[in-house]
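Visitor: model the following, please.
(one chain, ligands or ions: 2)
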Amino acid sequence: MRMIDLIEKKQHRQALTQDEIKWMIDQYTADVVPDYQMSAMAMAIYFNGMNEDERSALTMAMVESGDQIDLSDIEGVKVDKHSTGGVGDTTTLVLAPLVASVGVPVAKMSGRGLGHTGGTIDKLEAIPGFHVELSQQDFSELVNKNKVAVVGQSGNLTPADKKLYALRDVTGTVESIPLIASSIMSKKIASGADAIVLDVKTGAGAFMKNVEQAKELAETMVNIGKSVGRQTMAVISDMSQPLGNAIGNGLEVKEAIDTLKGQGPEDLTELCLVLGSQMAYLGGAADSLEEARTLLEANLKNGKALEVFKTFVEAQGGDASVADDPDSVLPVAAYTKEVLADQDGVVSEIIADQIGIAAMMLGAGRETKESQIDLSAGLYLHKKVGDKVSAGESIATLYSNKAISDEVGERVLTNVKLSDSATEPTLVYDIVQ
Ligand code: URA
Ligand code: CA
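Guide: Ligands and ions are numbered 1, 2, ... in the order given. Just a heads-up that it's a prediction; the model follows:
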């Protein structure tokens, strides 16, 4: 086979065969097909798309480019959850223990944050002593014992995706639905889950800026999952404003604990119940989504979800007293600052990506992979869309270990839009199954 022929085929809108896609990804991973040919192919895919068979073939070729995690020594249906990325997205910290509390094994591999989006692994490291590196054997043992463990992503998972993603990033080919869908699904499939729940975000803080695009991406990923024998469902949820009130690692751990006590922000709690119901249903804990939701709601009220959280934290070396007394266990910022409203009004919009950037400037996120993050840094929104504000009232508290510049406060103030009225925000737009 010759790469030039495959590029021209896709350029002329013809479908590539499974063998051609497998050959192309293998040769690219082995550095035989050069970046310039692969970037021409990515651009041809960007413009001409891929049919369902091609998308599945591309996904599986990327899965097979590296290690595949074998979770077969964990009992039960292993369910994974993946979010396409957002600001203040604290759901995994809540969902992992919550879903485990109804008996479904959660063997979760998570990532670190980059840019304005956060990562679960960084958040967990805000708990003193918590470690995210576990051997495959310890990981499986913990999931069998406690129904939950969370680890960082292992070394050689989907190397083809790593290369291709870096190439897409610099060739204007990131925002292609077949390329995003196969990138995400290859990682989920290689990490071994039997069932996958996807949280596809839409809005200013997300890749997919509108609901139609998000729905197309969700349908594509669900079809890929099913075509390779993994039960897959997706929720399309809002990321126009940040999720919950806390943004920043330690602050989000506290928010997750509140939520596990049944005292969390309304939107975060609701999204956790929607996603958690899918996970519990796919994991076989309930016969319907409604029944699953009832089980989860009960465990938020009766303390079982919080108990599982404590067991999970302790099992991975963390200080479990964080659940009872988060303020004295979590890192405390040296500086705080209030962002005061300069007029009366109703919050009509909170621009998620801009608020994420403000949190990053305070030290909560990384600009490059090498940056150190400040686990105490971030911000707490006292107001969400629909809330009334009076002039002089605090909209947000900022936290950092370095002196807080006026610039950050101004960025928050200009991105929390006040008006005479606001339309009720939508949290869940659609469910794809
Ligand atoms: N996240 C991924 O993992 N891959 C993409 O292509 C986009 C978002
Ligand atoms: Ca949050």
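
Visitor: please tell me how far the residue nearest to residue 113 when sequence neighbours are not counted sits from ligand 1.
Guide: Counting by C-beta to C-beta, 6 or more residues apart in numbering, the nearest residue to residue 113 once its immediate chain neighbours are dropped is residue 119, at 3.7 Å. Bear in mind the C-beta positions are built from the backbone N, C-alpha and C, glycine included. Distance of residue 119 to ligand 1, given as C-beta to the nearest ligand atom, to the nearest Å: 12 Å.

Visitor: hang on, residue 119 packs against residue 109?
Guide: No - with contact defined as C-beta atoms under 8 Å, residue 119 and residue 109 do not form a contacting pair (11.6 Å).

Visitor: burial measure for the residue nearest to residue 113, as a count.
Guide: Applying the criterion other C-beta atoms under 10 Å, we find 22 residues in the vicinity of residue 119.

Visitor: next one: it relative to residue 27, how far apart?
Guide: Taking C-beta to C-beta, to the nearest Å as the measure, residue 119 and residue 27 are separated by 32 Å.

Visitor: got it, and residue 324?
Guide: If you go by C-beta to C-beta, the gap between residue 324 and residue 27 works out to 55 Å.

Visitor: name the nearest residue to the closest residue to ligand 1 within the chain, sequence neighbours excluded.
Guide: Of the chain, the residue with the smallest distance to ligand 1, taken as C-beta to the nearest ligand atom, is residue 183 at 3.4 Å. Nearest residue to residue 183 in three dimensions, chain neighbours excluded: residue 161, at 5.2 Å (C-beta to C-beta, 6+ apart).

Visitor: which of the helices or strands spans the one you found?
Guide: helix 159-169 (DSSP states H and E).

Visitor: check residue 74 too.
Guide: Taking DSSP H and E as the definition, one finds residue 74 inside no helix or strand.

Visitor: I'd assumed residue 146 was in contact with it.
Guide: No - the pair formed by residue 74 and residue 146 falls short of the contact definition of C-beta under 8 Å, at 11.4 Å.

Visitor: between the two, which one's more packed in?
Guide: Set side by side, residue 74 and residue 146 show more neighbours around residue 74, with 21 against 18, by other C-beta under 10 Å.

Visitor: can you pull the pLDDT of the more buried one?
Guide: Per-residue confidence at residue 74 stands at 94 (pLDDT).

Visitor: got it, and the one 5 residues further on?
Guide: On the pLDDT scale, residue 79 is placed at 93.

Visitor: residue contacts, the residue positioned nearest the centre of the chain?
Guide: Note on the chain: the residue nearest the mean C-alpha position is residue 83, at 3.2 Å, using C-alpha atoms, centre = their mean. By C-beta atoms under 8 Å, 6 or more residues apart in numbering, residue 83 lies in contact with 89, 91, 92, 198, 199, 201.

Visitor: how about the residue of the stretch 301-433 of the chain found nearest ligand 2, what does it touch?
Guide: Of all residues in the stretch 301-433 of the chain, the one sitting closest to ligand 2 is residue 381 (8.7 Å; C-beta to the ion). Residues in contact with residue 381, defined by C-beta under 8 Å, 6+ apart, are 242, 245, 246, 247, 350, 355, 395, 396, 416.

Visitor: now for the residues you listed: which two are most distant?
Guide: Based on C-beta to C-beta, the longest span within the contacts of residue 381 runs between 246 and 416 and measures 15.2 Å.

Visitor: list the buried residues in stretch 250-264.
Guide: Within stretch 250-264, the residues that count as buried by 16 or more other C-beta atoms under 10 Å are 250, 251, 252, 253, 254, 255, 256, 257, 258, 259, 260, 264.

Visitor: narrow those to those in helices?
Guide: Those of the buried residues of stretch 250-264 mapping onto helices are 250, 251, 252, 253, 254, 255, 256, 257, 258, 259, 260, per DSSP state H.

Visitor: for the third one, give its distance to residue 433.
Guide: Taking C-beta to C-beta as the measure, residue 252 falls 28 Å from residue 433.

Visitor: before we move on, back to that, okay if I get the buried residues of stretch 250-264 as a markdown table plus pLDDT and distance to residue 209?
Guide: Rendered in a markdown table, the data for the buried residues of stretch 250-264 read as follows (pLDDT from 0 to 100; distance: C-beta to C-beta, whole Å):
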| residue | pLDDT | distance to residue 209 |
| --- | --- | --- |
| 250 | 97 | 30 |
| 251 | 97 | 27 |
| 252 | 97 | 24 |
| 253 | 98 | 30 |
| 254 | 98 | 30 |
| 255 | 98 | 26 |
| 256 | 98 | 27 |
| 257 | 98 | 32 |
| 258 | 98 | 30 |
| 259 | 98 | 27 |
| 260 | 98 | 32 |
| 264 | 97 | 27 |
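
Visitor: excluding its backbone neighbours, what's nearest the residue of the stretch 151-300 of the chain found nearest ligand 2?
Guide: Going by C-beta to the ion, ligand 2 is nearest to residue 244 of the stretch 151-300 of the chain, at 3.0 Å. The spatially closest residue to residue 244, leaving aside those adjacent along the chain, is residue 268, at 3.8 Å (C-beta to C-beta, 6+ apart).
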